[in-house]
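J.: Attaching a predicted model along with its sequence, questions to come.
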Amino acid sequence: MSKTLTFREDGTFKILQFTDVHMGDGVDGRDKDAHTVALMERLIEQERPDLIVYTGDLCWSHGVKDPEQGFRLAISPAVKSGLPWAAVFGNHDTEEGVTREQLMDVMLESDTCLAEPGPEHLSGVGNYMLPIQSAGGGEVKALLYFLDSGCEAPKHIGGYEWIHGDQVEWYAGVSKEMTAQHRSPLPALTFFHIPLPEYDAVWHTGSVISGKKFERVCAPKMNSGLYARMVEMGDVMATFVGHDHDNDYIGELHGISLCYGRTTGYNCYGKLQRGARVIQLIEGKREFHTWLRLENGTVLK
């Protein structure tokens, strides 16, 4: 299969976002995991996306005998579909018994996986960019950035890790290079797991477009400036995260939409009906459309 992403002939490109799949905690989870797999397979069939993206916490690892087994189960619907797919890691994927490098190797066993380990000198594993070419091929029309938002912060700080300065500058460097090549910023989306502090700010001071907030925003205590760099670079239209299972809202702040996915896995906390977020890009336009596809078939736009 070609690993080149392209817009459809009608000028659209559809992404299906799974988040917080949480496979295999070993505690009464077998039926829940099977339920999650069945849901993902059904959502893939209903939406037939051009790309499937997992935004972290694909599996449990703490206290789990074989985290790789849960991880393989989490990606199995994407692998089975034969469609292109990509992923970033969450804070629970590699807490214990497995490394990010090992799980990246598992992903790369799939011929349809587009994820990359990323530059070795950067913080985290899985910092990479995927271009989307025009329907006719050859000309890059949009960009997808993927960043590793880490796990836990050092104990003297507490809370969750942040996207580090070297990752921020890597993004800015790639963005600057692509803008120079194409003489203007290309429309772009960014995917990572843990929400930025701006996800809290947009709820209080920005423009909330849609969705629910049933829990606090579990952002890092440190702000490494990624959002400011995205605003400065002018390419990113929206960011997509998971992590907070009972939030699914979208808000706009300083020209960028901050979007939560919808929790997909049944083997974790959360009162929101399980499902996935769908994102549709339009070739040649700086715009996107998004909706939620829920387990009962409901579509929320």
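T.: Good, I have the coordinates. Residues are numbered from 1 along each chain as shown.
J.: in the chain, which helix or strand is least confident?
T.: strand 207-210 (a mean of 86; mean pLDDT, DSSP states H and E).
J.: What are the contacting residues of that strand?
T.: V202, Y249, I250, G251, E252, L253, S257, L300 (C-beta atoms under 8 Å, 6 or more residues apart in numbering). Any C-beta I mention is one placed from the backbone N, CA and C, and that applies to glycine too.
J.: Please identify which two of these are farthest apart in space.
T.: Farthest-apart pair in those is L253 and L300; separation 21.7 Å (C-beta to C-beta).
J.: ok, the least confident helix or strand of the chain: who's next to it in the sheet?
T.: strand 250-253 (antiparallel) (DSSP bridges).
J.: Only C-alpha atoms, please: export the next helix or strand after the partner strand in PDB.
T.: Next along the chain after strand 250-253, taking DSSP states H and E as the criterion, comes strand 256-260. Only the C-alpha atoms of strand 256-260 are listed here, as PDB (Å, rounded to 0.1, in the frame of the first residue of the first chain):
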ATOM      1  CA  ILE A 256      -7.200  28.000  16.900                       C
ATOM      2  CA  SER A 257      -9.800  25.500  17.800                       C
ATOM      3  CA  LEU A 258      -9.100  23.400  20.900                       C
ATOM      4  CA  CYS A 259     -10.900  20.100  20.400                       C
ATOM      5  CA  TYR A 260     -11.400  17.100  22.700                       C
END
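J.: Quick one: distance of strand 256-260 to the chain centre.
T.: Centroid separation between strand 256-260 and its chain, computed with C-alpha atoms, centre = their mean, to the nearest Å, is 12 Å.
J.: Give me the contacts around that strand.
T.: Against strand 256-260 from outside (C-beta under 8 Å, 6+ apart): 195-196, 198-199, 202, 206, 209, 211, 227, 230-231, 236-242, 244, 247-252, 277, 288, 290.
J.: Among the residues you listed, which ones are in strands?
T.: Among these, the members found in strands (DSSP state E) are 209, 236-241, 250-252, 277, 288, 290.
J.: Just the buried ones out of the residues you listed, please.
T.: Among the ones in strands among the contacts of strand 256-260, those scoring as buried are V236, M237, A238, T239, F240, V241, I250, G251, E252, R277, F288, T290 (criterion: 16 or more other C-beta atoms under 10 Å).
J.: Give me the below-cutoff pLDDT ranges for this protein.
T.: Within the chain, the stretches with pLDDT under 70 are 1-2, 25-29.
J.: That one: strands as residue ranges?
T.: Using DSSP E, the strands of the chain run over residues 5-6, 12-18, 51-55, 85-88, 128-133, 140-146, 188-191, 207-210, 236-241, 250-253, 256-260, 275-282, 288-294, 299-300.
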